[in-house]
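Visitor: what's the 3D shape of this:
(2 chains)
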Amino acid sequence: MNYQNSFNKIVELLKKYSAADDYQINYLGTKNNLTRFADNMLTQNIENEYEEVYLTSWFDAKKATLQTANLSEGGIKELIKRSEAIAKKSMKDVEYLPSLKHDQQTIHHHLDENLLDLSPSKRSAVAGFAINEAVKHQTTAAGTFQSSVNHVGVATKNHLQKFHIQSECAFSATFDKNNEQTNCRASSMTLTDLNYQETTAEGIKDVELMQNKTTLPPGKYDVLFSSHAYAELNLGAGYGMDRKAYDKGYSAYNNKIGTQIAPKHVNLYTDPNFSHAACKPFMNDGLALSKNILIENGILKNLPTSRFWGHQNKLPAFAISNLIMDGGQLSDDLLMQKIERGFYIKDIWYIRMVNPENLTLTGMTRNALFYIEDGKIKSGATHFRWNDSPMLMFDRIKEVGLPRREQVWNYPNYMPSVIVQDFNLTSSTLF
Amino acid sequence: MKKIIQDLLDRSRTKYRVSFCDIRYKSLNEETIQTTDDVLKHYLLTDSVGVGIRVLKNGRWGFCATDKLDPINLDKALKRAVEISESGKNIGTKDIILTKEKSHIGHYQGPYKIDPFKISPEEKMHLLFELDKKAKTNPLIKKTDGLLLFWKHHQLLMNTEGSVLKNEYVISSGSFDVQAVGNGGFQNRRIQERPKMAGYEWVLHHFDQYDILRLCDEAIMKLNSTTIPKGKKDLIILPSNLFLTMHESVGHPTELDRVLGWEADFAGTSFATTEKLGKFQYGSPIVNFRADNTVASGLSSKGWDDDGVPAQKWDIIKNGKLVNYGTTREVAHYIGKNQSYGCNFASTWQLQPINRIPNLFLLPGKEKLSLKDLIADTEDGLIIDGRDSYSIDQKRYNFQFSGNFVREIKNGKLGEVVRNLTYRSISPDFWNSCDKICDHRFFEYWGVLNCGKGQPAQRHTMIHGSAPARFKNINVGD
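Guide: Model prediction:
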């Protein structure tokens, strides 16, 4: 199927039939596969493929967005008719700005053609590998192998037209032995870079290590976050990152732009063209995304700004497409040597906001959690609830280690493992 | 469509020799109106139509979904679903086994009075902008967020067992947040979303229950309040907050697929394992949880589930003891059941259904007890209204929740407002600490619109009801 042709045809139909003052089209053509296993059996095996279009029409700054999956000429004409009828009766968008014009952005696709038609037997075989390894090591495996190819297009009445193709594949497995669980995962833009065999071996090694477990009291500890756990946590740091909220006084980052919020070795930025975590390089409205610094040498430099807020306050508009933090050279094993007594947290779970005023979040440790004594793993550890603020924690980052690509909630990130001082583990659970 | 589907089902047996096949045609319209202050952030109307084909062959599932609904493409999708299931042959140590189910033919129509899709978008936007105008008469209210959601669902499910099941319903929901800024901080209050299988009349009724100016005053009371030190308190939890605690600490742990480890890789497992069935004291003897997918306007009341099993009513916890689970046809046989309770649902046509929480209720106390009497009976406690933060471990033991509006109770009387309160417990300890539940006059239910589970993530809807209840000696203020 040629998605780009499909998108181009829709753009032409809009040019021909739209009577709106302004419009914006967003297109998605997607193909997804997922093989799911649990209790050492295949539990789901899914494939789906579909296209959809969202059309936003404006009349006198009144807008409406409608979606359809009927991409025939008749379907698009109907979409235009309905979208325009509703827009005329809508309320004025007081933040309306004319849709974006054509720009000179060069767009690179991130496509592995092997993922365009991955055979069901190849997918099932990956799941089968994890199950066989689990059986061999007297454990139980649950997990997924998934791949997707997304074709995303945006076009406006003002002649902007952009199209991007991205493929992704991901493997995740949770191993259970004697009610102790560990998880391992990997994600990549190409099939050849996805080393699910090595990943499986790491998960099985961890579940063996978790068999000897210690219960320790809650409290403030120095912890080593794996790059995955830190990527999960750092997503939470983004909650208050909005320039309008900052300027109006309801962001946790209030009064912090230009101040030192982290040690000098902390640099955090977003860059859709960063090779290890590349992603769609434009916003839904077509705004070109590029590298933007959030924290530089520990100083908070900038916060994401919408087009409207940027226009009104003469600030450049930008958004977060992914998060990248500069890393160091040390592996997790070497980082661990710097901790006298603390924990190695490989995964965290169920993260929610507790206090947006200082960005305190809560969550649990999950899967592999190791107690560290004198720089070495002493044992597995009973899990904890934690309450802490990723924003305030920036200042407690003691060391950064080797960074890795970490896909979190469909966002590719590139995060190092980090040592954080005095992480607030507030209570224990029963396992 | 019925004829095309029947032809596909016939072919699945005669040509592809599958042991089971079901085909789900689903159309879902969603209308979302989102405002921030006096700005219309989104007006979105979506229309998703497609077919999901699920086949079982040699004990392995194959599922293929498409939005190309002509017979040729649907036949391709069927063929692909069969190829997918055949690719799993000899992989894994166990087969998928379905419990038996009779064939059913029927049509379920959810109740509603006013079709929200027939009300003009302008009128609906006006509802939110009027609230913003009123809220902004208070100078400390610096931000408002409004949200209206309407879903119209139409599904036709047919399977090789001869079932032909249609269901149609409308879901309506609305919420409105006000944010007060001052004293170097910010705090909010809200008209909490309360989704229901109902029409536009429900949103109007729900918004009418609130005085927006009072909510603004309460947000300012929160702004001027203080936190309380870490300790233990007796909590009176109102249904507007308790429904989510019930959902997380009873609803999810009693989904049988979790118990069996089928969600171990993402959503998690459960402490309520099968050897505990009939023996485990989950709560105090006054704690009774009943699942009911037959209740009118319940968000999980859809006539039949996506396995073609009729909606039912059953006990999950009786006199405090764990007595049952929510099941699907894939998992029911693991606890010796020969019929599923009908909890298999997929959120969209693109995805394969999974075990979901049913409508679930904490039954009201049998003794006559009003909320006023319960407060008067509490010496040193807190009363918690509205949902806020919620988090629980992956086996569903350790949870931490917070409320949107919390007040102290001292010697049977309401006291000061408390800021940013969290309460934390271990699920069975919490339910065993429940010593009083108000009677049926105070029973109310709330809805969950976005219960997330599965890989890829799916959402499901259900309602949870209770009367205000008291829990003794709970950890607060972590």
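Visitor: who's in contact with residue A:57?
Guide: Contacts for residue A:57 (Cβ atoms under 8 Å, 6 or more residues apart in numbering or on different chains) come out as A:18, A:20, A:22-23, A:63-64, A:80, A:83-84, A:87. C-beta here means a position set from N, CA and C on the backbone, and glycine is covered the same way.
Visitor: what sits opposite it in the beta ladder?
Guide: Beta-bridge pairing for residue A:57 (DSSP bridges): residue A:23, residue A:64.
Visitor: From one end of stretch A:81-99 to the other, what's the distance?
Guide: Terminal residues of stretch A:81-99 lie 20 Å apart, using Cα to Cα, to the nearest Å.
Visitor: That stretch and chain B, any residue contact?
Guide: Yes: against chain B, stretch A:81-99 shows contacts by Cβ under 8 Å from any Cβ of the partner chain at A:82, A:86, A:89-95.
Visitor: Kindly report the domain assignment for the chain.
Guide: Looking at chain A here, since you left the chain open. Residue ranges for the domains of chain A, per automatic domain parsing: A:3-209, A:213-428.
Visitor: try again with chain B
Guide: According to automatic domain parsing, the ranges for chain B are B:2-223, B:231-476.
Visitor: right, and those domains - which one's nearest residue A:394?
Guide: Closest approach to residue A:394 among the domains of chain B (Cβ to Cβ): domain B:2-223, 20.5 Å.
Visitor: Return the residues in contact with residue B:50.
Guide: Applying Cβ under 8 Å, 6+ apart to residue B:50 gives the contacts A:50, A:69, B:25-26, B:65-67, B:69, B:348-350.
Visitor: again, only using 6 Å
Guide: Residues near residue B:50 by Cβ atoms under 6 Å, 6 or more residues apart in numbering or on different chains: B:65, B:67, B:349.
Visitor: Quickly run through the sheet partners of the host helix or strand of it, with directions.
Guide: Per DSSP states H and E, residue B:50 falls inside strand B:39-57. Strands that pair with strand B:39-57, judged by DSSP bridges, come out as strand A:62-68 (parallel), strand B:20-36 (antiparallel), strand B:60-66 (antiparallel).
Visitor: buried set for that strand?
Guide: B:39-41, B:43-57 (16 or more other Cβ atoms under 10 Å in any protein chain shown).
Visitor: And stretch A:285-295, by the same measure?
Guide: So, applying 16+ other Cβ under 10 Å, buried residues of stretch A:285-295: A:285-289, A:292-295.
Visitor: So which of those residues belong to strands?
Guide: A:292-295 (DSSP state E).
Visitor: How far off centre is stretch B:186-201?
Guide: 14 Å (Cα atoms, centre = their mean, to the nearest Å).
Visitor: One more: stretch B:368-380?
Guide: 29 Å.
Visitor: now do the same end-to-end measure for it.
Guide: Stretch B:368-380 end-to-end distance (Cα to Cα) = 22 Å.
Visitor: Mind listing what's buried along that stretch?
Guide: The neighbour-count check on stretch B:368-380 (16+ other Cβ under 10 Å) flags B:369, B:371, B:374-375, B:377-378 as buried.
Visitor: residues in the stretch 301-431 of chain A within reach of chain B, list them.
Guide: A:349-350, A:352-355, A:357, A:362-364, A:366, A:385, A:387, A:426, A:429-431 (Cβ under 6 Å from any Cβ of the partner chain).
Visitor: Which of these are buried, as a ChimeraX select command?
Guide: Buried residues among those (16+ other Cβ under 10 Å), as a ChimeraX selection:
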select /A:349,350,352,353,354,355,357,362,363,364,366,385,387,426,429,431
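Visitor: Among the residues of the stretch 301-431 of chain A next to chain B, which lie within strands?
Guide: Using DSSP E, A:349-350, A:352-355, A:362-364, A:385, A:387, A:426 are the members of those that sit in strands.
Visitor: Between all of those, which two are separated the most?
Guide: Spanning the widest gap among these are A:349 and A:355, at 19.4 Å by Cβ to Cβ.
Visitor: List the ones among the buried residues of stretch B:368-380 that fall in helices.
Guide: Per DSSP state H, helices hold the following members of the buried residues of stretch B:368-380: B:371, B:374-375.
Visitor: Put together CSV for those residues, with pLDDT and distance to residue A:31 on each row.
Guide: Formatted as CSV, those follow (pLDDT from 0 to 100; distance: Cβ to Cβ, whole Å):
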residue, pLDDT, distance to residue A:31
B:371, 98, 54
B:374, 98, 56
B:375, 98, 57
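Visitor: ok, so of these, who is nearest chain A?
Guide: residue B:375 (26.2 Å; Cβ to the nearest Cβ).
Visitor: ok, now which ones touch the closest one?
Guide: Each residue near residue B:375 by Cβ under 6 Å, 6+ apart is listed here: residue B:409.
Visitor: counting contacts, what elements does the one helix or strand residue B:149 maps to pack onto?
Guide: When elements are assigned from DSSP H and E, residue B:149 belongs to strand B:141-159. Here strand B:141-159 touches strand B:20-36, helix B:121-135, strand B:164-182, going by 3 or more Cβ pairs under 6 Å, 6 or more residues apart in numbering or on different chains; DSSP states H and E.
Visitor: Quick one: neighbours of the closest residue to residue A:194 other than its chain neighbours, just the number.
Guide: Nearest in space to residue A:194, with sequence neighbours left out and distances taken as Cβ to Cβ, 6 or more residues apart in numbering or on different chains, is residue A:188 at 4.4 Å. Residue A:188: 22 surrounding residues under other Cβ atoms under 10 Å in any protein chain shown.
Visitor: my read: residue A:188 touches residue A:196, true?
Guide: No: using Cβ atoms under 6 Å, residue A:188 is not in contact with residue A:196; the gap is 9.8 Å.
Visitor: where along the chain do the helices fall?
Guide: Chain wasn't specified; assuming chain A. Using DSSP H, helices in chain A cover A:3-17, A:73-88, A:120-136, A:196-209, A:227-237, A:243-248, A:307-313, A:332-336, A:390-393.
Visitor: my question was about chain B
Guide: Taking DSSP H, the helices of chain B run over residues B:2-14, B:71-87, B:121-135, B:200-208, B:212-223, B:239-246, B:256-259, B:371-376, B:427-432.
Visitor: Out of those, flag the one nearest residue A:315.
Guide: helix B:121-135 (25.0 Å).
Visitor: tell me which residues in that closest one are buried?
Guide: Neighbour-count burial for helix B:121-135 [16+ other Cβ under 10 Å]: B:121, B:124-125, B:127-129, B:131-132, B:134-135.
Visitor: Which one of these is nearest to chain A?
Guide: Among the buried residues of helix B:121-135, residue B:125 lies closest to chain A (Cβ to the nearest Cβ), at 4.6 Å.
Visitor: With neighbour count as new columns, can the contacts of residue A:57 be given to me in CSV?
Guide: Formatted as CSV, the contacts of residue A:57 follow (neighbours: other Cβ atoms under 10 Å in any protein chain shown):
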residue, neighbour count
A:18, 20
A:20, 21
A:22, 20
A:23, 23
A:63, 25
A:64, 26
A:80, 23
A:83, 26
A:84, 21
A:87, 27
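Visitor: of those, closest to residue A:250?
Guide: The closest of these, once distances to residue A:250 are taken by Cβ to Cβ, is residue A:63, at 25.4 Å.
Visitor: what's the nearest residue to that closest one if we skip its chain neighbours?
Guide: Closest to residue A:63 by Cβ to Cβ, 6+ apart is residue A:93, at 5.1 Å.
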